[in-house]
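1. Could you look at this predicted model? Sequence included:
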Amino acid sequence: MISKKAKYAIKALKVLTEEYGKGPVLISFISAKENIPKKFLEAILLELRNHGILQSQK
């Protein structure tokens, strides 16, 4: 069984790979495209960044 958090992380990473090379991708874009609650997505992406899987910009 895969958790909802893991499913959302995979969906977010899928969007990021689709948008790779097109510049920064906004959290709101990923949230809207994959129907993921924005606050939950922020926490997931922060965890991925802390583990070195993603890079982020302000």
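-> Arrived safely.

2. Dead centre of the chain: give me the residue that sits there.
-> Closest residue to the average C-alpha location of the chain: Ala12 at 3.6 Å, with CA atoms, centre = their mean.

3. Touching, that one and Leu41? I think so.
-> Yes - using CB atoms under 8 Å, Ala12 makes contact with Leu41 at a distance of 6.3 Å. C-betas here are computed from N, CA, C, even on glycine.

4. where do the helices sit along the chain?
-> For the chain, the helices defined by DSSP state H occupy 4-18, 27-34, 38-50.

5. residues in contact with the shortest one?
-> In this structure, residues lying in contact with helix 27-34 by CB atoms under 8 Å, 6 or more residues apart in numbering are 8, 11-12, 14-16, 19, 36-38, 41-42, 45.

6. Please check the residues you listed and keep the buried ones.
-> Among the contacts of helix 27-34, those classed as buried by 16 or more other CB atoms under 10 Å are 8, 11-12, 15, 36, 41, 45.

7. Format the residues you listed as TSV; extra columns: distance to Met1.
-> Shown next, in TSV, are those (distance: CB to CB, whole Å):
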residue	distance to Met1
Tyr8	15
Lys11	17
Ala12	20
Val15	23
Ile36	19
Leu41	21
Leu45	23
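
8. quick one on the thing from earlier: quick check, pLDDT for the residue nearest to the centre of the chain.
-> Ala12 is assigned a pLDDT of 96 by the prediction.
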